[in-house]
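Student: could you look at this predicted model? Sequence included:
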Number of protein chains: 4
Amino acid sequence: MYSFKNDYSEGAHPRILNALIASNNEQVDGYGEDIFTQRAVKLLKQKIGGNIEIYLLAGGTQTNLTAISAFLRPYEAAIAVTSGHIVTHETGAIEATGHKIITIEGVDGKLTPDLIQPVLETHQDEHMVKPKLVYISNSTEVGSIYNKGEIEQLSRFCKENNLFLFMDGARLGSALCSAENDLIFSDLRTLVDAFYIGGTKNGALIGEALVICHDSLKEDFRYHMKQKGALLAKGRLLGIQFLELFRDNLYFELAKHANQMAGLLRGEISKAGLEFLTHSPTNQLFPILPNRVVNELQQNYAFYIWEKVDNDNSAIRIVTSWATKEEAVLAFIKDMIKALDKCK
Amino acid sequence: MYSFKNDYSEGAHPRILNALIASNNEQVDGYGEDIFTQRAVKLLKQKIGGNIEIYLLAGGTQTNLTAISAFLRPYEAAIAVTSGHIVTHETGAIEATGHKIITIEGVDGKLTPDLIQPVLETHQDEHMVKPKLVYISNSTEVGSIYNKGEIEQLSRFCKENNLFLFMDGARLGSALCSAENDLIFSDLRTLVDAFYIGGTKNGALIGEALVICHDSLKEDFRYHMKQKGALLAKGRLLGIQFLELFRDNLYFELAKHANQMAGLLRGEISKAGLEFLTHSPTNQLFPILPNRVVNELQQNYAFYIWEKVDNDNSAIRIVTSWATKEEAVLAFIKDMIKALDKCK
Amino acid sequence: MYSFKNDYSEGAHPRILNALIASNNEQVDGYGEDIFTQRAVKLLKQKIGGNIEIYLLAGGTQTNLTAISAFLRPYEAAIAVTSGHIVTHETGAIEATGHKIITIEGVDGKLTPDLIQPVLETHQDEHMVKPKLVYISNSTEVGSIYNKGEIEQLSRFCKENNLFLFMDGARLGSALCSAENDLIFSDLRTLVDAFYIGGTKNGALIGEALVICHDSLKEDFRYHMKQKGALLAKGRLLGIQFLELFRDNLYFELAKHANQMAGLLRGEISKAGLEFLTHSPTNQLFPILPNRVVNELQQNYAFYIWEKVDNDNSAIRIVTSWATKEEAVLAFIKDMIKALDKCK
Amino acid sequence: MYSFKNDYSEGAHPRILNALIASNNEQVDGYGEDIFTQRAVKLLKQKIGGNIEIYLLAGGTQTNLTAISAFLRPYEAAIAVTSGHIVTHETGAIEATGHKIITIEGVDGKLTPDLIQPVLETHQDEHMVKPKLVYISNSTEVGSIYNKGEIEQLSRFCKENNLFLFMDGARLGSALCSAENDLIFSDLRTLVDAFYIGGTKNGALIGEALVICHDSLKEDFRYHMKQKGALLAKGRLLGIQFLELFRDNLYFELAKHANQMAGLLRGEISKAGLEFLTHSPTNQLFPILPNRVVNELQQNYAFYIWEKVDNDNSAIRIVTSWATKEEAVLAFIKDMIKALDKCK
């Protein structure tokens, strides 16, 4: 049984484990004040540039809830697509901090100014929440990415309307390394007000690096982290990993590998005449397969059945990662083709 | 410079790193549904016994806030000593989930039924919060421990008064391995309603194992974890560590080592005629030193100055851990005696 | 200028003011423990029957947020139609207490089991909130009502699925007195788990009477009220009003008058060949008028423009109340017909 | 049985009821946008002066929780005396909005810079909440008042330390009309950052007028009110009352009457050789009586037994109000003296 269920099925990239071992006996301060975290932050600042602040947190939900609740006043709300991770898969974590999420039926998992505008028009007085933060994911929950033009439009729109633009980058690596991407890492510091660089889904054991770009969002952020339980005593665990991921290009190489494996699958699935539920140039694919093929493949491969498309077909989710083995991909393709033939 | 600042200055015990490496390529499910977590939970259940549930979380503040907010209804409050960790060093994390902490000036960092009784008497109607959970730490924030009789008294009192008894076990290892301890690990399941087994401060990279004993506290706990950002995608990271710590006696051996190192220090400090701020039979010591000795020692050792005792003397905090080296302890003692001589 | 903007434009029914005067010098206990509140509660219990509890609160948003946050555990969510008052016009008050509202595009402002079922199917694990309470309004925000069969269906569905059914009765009087209504006041105690009887919009100065039917929701409710600032020091103000509204049939007579005035308008507007945005048999009407007629009417009447229907027509909202004067209604009708003629 | 239990035992001053009747048929806008509220706010602004904002809320707990949660960021805390109303008698309402209250054992129910300073010194980093708002009551919960010099000291200290100074004025009338008071109403606008003028305990049915002096606290306050359920649909109820209380000197005349009645009691109780638990120059007195006298008086008078002083004596609380009748006071005194004689 080989798993394509997600990009966090394995442990960490070996270089990360090695870095943990190499640094293990060094005595350092706790709670993110260690030398490794300091170096990782410095390194990331150099790569991203500008007057930014960086904090390392353990996971995506923790980062979303800590950041969004820190950025909003009590009556302010976030705006997100209905498929947004904070909307669907975080057990109401944002609402638990007191904030409504206003949802919009996006296009291809994405938001545009045109989609947001009506929300602003209908939220005009104190009987409603005040929309204040636009939450987007890149790549999105359905594998799509924002190109530079799209982000620029959103960014301009948010600035004009006094909205913060926040990018969930749990899968930022895959997005930035996509063949269709034209966004540069350092573009983000001027285009969004805060974003994070997902480590957990790209080779780390745990860890997301939150980058705060907008000055007004920086104040006292470590207080928010501590209050939400997001300040690890052994903050070194996060620092060491991000240091290793970014001291050369490891982070992007891992994402590229995941994308290549997805590319292999995408190409062969297309060749086999199958369609996809969404346009995904990243490491999550949503091919539509006959149910009988799905059943057949489930004998040897683990993946999620995403959506019933019609009585005979379902979209499945296949996720590749830094750890995905090419032979597993090739075997999957072979088995899929065999199953398609058999089910004709 | 050698650090006695805390018990989370180094990485993890080598066996834990080895376990991470050995398991690294194994594909497992996410969010704590992996085989390692399952095995760790099963193992701990065997050791503790009884009808308990176990959940693995990343750190102490996270565990405290997730558990306490899950256990209380909105108008219910926790009771704690004024030196309690949730009172002093968690940035209002419990209050941020909506709950007041009623504080009591404890004795030696500990609570007794007699100290709690007046709180119950003054909280009798709906104009005040309803006290519902007694928070204790073992070992406490000042290094003291609860003996079995003390816990039994508290336990009985809490049952009689419809209060939950919750034990913060961030340093449970050191407490249970203290020479003065007469409490057995498995006693806890009947004496307290929930407790946790601290990993971070006893050799793990991160991780606390929350044990829920009282049936009424078990329902839907994973929902609470997810909502608070406490469900790690790579839950394996926690499972693997607790599996390694408890598959033999590693957890307790590490605690014993920390206590032995503390014992060495305690003995020599006493012999030198110095006193301690608190009675600590565990891995945190609070000796009172002349300020000039403190200054001298700070040249080569890192530790916290805990409290000004008088114009000439201060209590410092020295913490030992699984990683503390005996030669460092001996060197510290030697340097301390030298400094004491010099400062006479 | 005569206002049809809402049903809280005037003060209170004269009998209520008289009751306040008559009781003014009587000394009573505070915080709802006064004799008037006790009598009002007793009276309402007699009228509704069954083993219920009743609490008097100041307003609708306060009642919704106090009740819903009391009824749900932190990870549990409410379900409501997108037009629901808690969704649209309470500034995220429910989310501010930590709970997500799952919204459903209703039919005619109402929910049915068929609409709720898919929500239950997609909320199955701890990565999502747990739907636990169905919020409905009667009459709804668009003037429609639930008939007995509809409530029975919802009630059965909720019981089968372990959901609480909560009815916002800010305009319960108008609903129960509607010509189309077949629901009896006392039916509610077995059909819903909690509901409230709106006073503010039916002749009181302020006040909503929350009726808790389901045993598990009753515990310690006054603690919740106090914590949310909903326990008035002079609780007598609420008690006296509800006592007066229910000691005979005043509450229903006032609602009937509001409905009669709405009926007059509805009939004449229909006769004039105009249509309505929603089917409302209660005191809120949403007729669709040519914009020029709207402009004309705005010279002498105040009302909300609810929705642009097309370039030439808008739906307006006309609300009648216990205080609406028949001559004002007749004048409005006359002016409307004149304006329609003129605008042809 | 005559009640001295509190200052909200009766209804409203007759002039307030008359004002409600006189305005009853006037149609006005809802939610505090009515002409009465506007006039009341304008009038209060003239009396207080300066660039202030004023909002009318229903009660004390509601005002405290709405204001304090609006003024603080999530990790910021309030400071209060242990006897402060928000600490003891609001069911954790402040904590329920997410904020810790740091308590200080005050002197005579009051805070001073010297008492606050150590709190600032021990709250220095992100492991603790950040103290940000000093909550005081005037008059205090034990009847004492702040004189001008004391407030000036606190005000200066707060400004120097970047703290907001917030005054709970539930009994502000009695404080400002005390014979020992040297504070002028309009002084408050420069000395505190926000305060409220209590109506409920000084002749109104309900109502507190919150005055926001500090610019940074003003933004979007109505959003906070609506979200907390504090925006009454019939906001006129509050506006009419404050208009009547302040269109001449009614508010202060009522407070003076309460103080005179307290003065009568204070004088005679002193003359009888009894002592008081606290120094109260306002409408709450805490005389210490032999228990047998207390029992005797309870036959005909209602009051709270505040504290057991020793085995034979108790402090009781006697509260006078705008409605307290002189003959009742005289009768109480007579009965007390009789009982004292009898119990000798």
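Tutor: Yep, it's here.
Student: tell me which parts of chain A are close to chain D?
Tutor: With CB under 8 Å from any CB of the partner chain as the criterion, chain A comes near chain D at residues A:31, A:69-70, A:73-75, A:97-98, A:126-127, A:129-130, A:220, A:222-227, A:231. In short, each C-beta sits where N, CA and C put it, glycine included.
Student: same for chain B: which of these are within range?
Tutor: The subset of those within reach of chain B, by CB under 8 Å from any CB, is A:223, A:226-227, A:231.
Student: could you report the neighbour count for the residue of the stretch 1-150 of chain A found nearest chain B?
Tutor: Per CB to the nearest CB, A:Gln62 is where the stretch 1-150 of chain A lies closest to chain B, at 3.1 Å. Neighbour count of A:Gln62, defined by other CB atoms under 10 Å in any protein chain shown: 26.
Student: same thing with A:Glu160?
Tutor: Using other CB under 10 Å, the number of residues around A:Glu160 comes to 9.
Student: show me where the stretch 201-344 of chain A has its helices.
Tutor: Under the criterion DSSP state H, counting those that start in this stretch, the stretch 201-344 of chain A contains helices at A:221-227, A:236-246, A:250-271, A:291-297, A:326-343.
Student: ok so, going back, ok, the residue of the stretch 1-150 of chain A closest to chain B touching B:Leu232?
Tutor: No. Taking contacts as CB atoms under 8 Å, A:Gln62 lies outside contact range of B:Leu232: 9.0 Å.
Student: residues contacting whichever residue of the stretch 201-344 of chain A sits closest to chain C?
Tutor: Per CB to the nearest CB, the residue of the stretch 201-344 of chain A with the smallest distance to chain C is A:Glu307, at 10.8 Å. Residues in contact with A:Glu307, defined by CB atoms under 8 Å, 6 or more residues apart in numbering or on different chains, are A:277, A:286, A:314-315.
Student: now do A:Gly198
Tutor: Contacts of A:Gly198 by CB under 8 Å, 6+ apart are A:60, A:169-173, A:208.
Student: okay, and which of those residues map to helices?
Tutor: Counting by DSSP state H, the part of the contacts of A:Gly198 found in helices is A:60, A:172-173.
Student: tabulate these (a markdown table), appending pLDDT and neighbour count.
Tutor: Shown next, in a markdown table, are the ones in helices among the contacts of A:Gly198 (pLDDT from 0 to 100; neighbours: other CB atoms under 10 Å in any protein chain shown):
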| residue | pLDDT | neighbour count |
| --- | --- | --- |
| A:Gly60 | 97 | 25 |
| A:Leu172 | 98 | 28 |
| A:Gly173 | 98 | 30 |
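Student: picking up where we left off before, report the buried members of the residues of chain A next to chain D.
Tutor: When these are checked for burial by 16 or more other CB atoms under 10 Å in any protein chain shown, the buried set is A:31, A:69-70, A:73-75, A:97-98, A:126-127, A:129-130, A:222-227, A:231.
Student: just those residues that are near chain C?
Tutor: Applying CB under 8 Å from any CB to these, one finds that A:74-75, A:97-98, A:126-127, A:129 fall near chain C.
Student: adding secondary structure, pLDDT and distance to C:Thr91, write the residues you listed out as CSV.
Tutor: Below are those laid out as CSV (DSSP: H, G, I helix; E, B strand; the rest coil; pLDDT from 0 to 100; distance: CB to CB, whole Å):
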residue, secondary structure, pLDDT, distance to C:Thr91
A:Pro74, coil, 98, 9
A:Tyr75, coil, 98, 6
A:Thr97, coil, 98, 16
A:Gly98, coil, 98, 11
A:Glu126, coil, 97, 6
A:His127, coil, 97, 6
A:Val129, coil, 98, 6
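Student: can you tell me which of these is nearest B:Glu244?
Tutor: Taking CB to CB as the measure, B:Glu244 lies nearest A:Thr97 of these, at 34.8 Å.
Student: and the nearest residue to that closest one once chain neighbours are set aside, what element?
Tutor: Nearest residue to A:Thr97, sequence neighbours excluded (CB to CB, 6 or more residues apart in numbering or on different chains): A:Ser69, at 3.6 Å. Following DSSP states H and E, one finds A:Ser69 within helix A:60-71.
Student: could you dump that helix to CSV, C-alpha only?
Tutor: Taking C-alpha atoms only, helix A:60-71 is exported to CSV below (Å, rounded to 0.1, in the frame of the first residue of the first chain):
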residue,chain,number,x,y,z
GLY,A,60,-1.1,25.7,10.0
THR,A,61,-4.2,25.9,12.1
GLN,A,62,-2.1,27.4,15.0
THR,A,63,-0.6,29.9,12.6
ASN,A,64,-3.9,30.9,11.1
LEU,A,65,-5.7,31.3,14.4
THR,A,66,-2.8,33.1,16.1
ALA,A,67,-2.2,35.5,13.3
ILE,A,68,-5.8,36.3,12.4
SER,A,69,-6.9,36.8,15.9
ALA,A,70,-3.9,39.1,16.5
PHE,A,71,-4.6,41.1,13.4
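Student: can you give me the offset of that helix from its chain's centre?
Tutor: Chain-centre distance of helix A:60-71: 14 Å, with CA atoms, centre = their mean, to the nearest Å.
Student: tell me what angle that helix forms with helix B:60-71.
Tutor: Relative orientation of helix A:60-71 versus helix B:60-71 (axes from the mean of the first three to the mean of the last three CA atoms, to 10 degrees): 80 degrees.
Student: for the helix or strand following helix A:60-71, give me every contacting residue.
Tutor: Downstream of helix A:60-71, the first helix or strand assigned by DSSP H and E is strand A:76-81. Identification of contacts with strand A:76-81 by CB under 8 Å, 6+ apart yields A:68, A:72, A:86-87, A:94, A:99-106, A:109-111, A:116, A:119, A:123, A:129-136, A:140, A:163, A:166, C:92.
Student: which residues in chain A form strands?
Tutor: Under the criterion DSSP state E, chain A contains strands at A:2-3, A:53-57, A:76-81, A:101-104, A:130-137, A:164-168, A:194-198, A:208-212, A:284-285, A:288-290, A:301-302, A:304-308, A:313-319.
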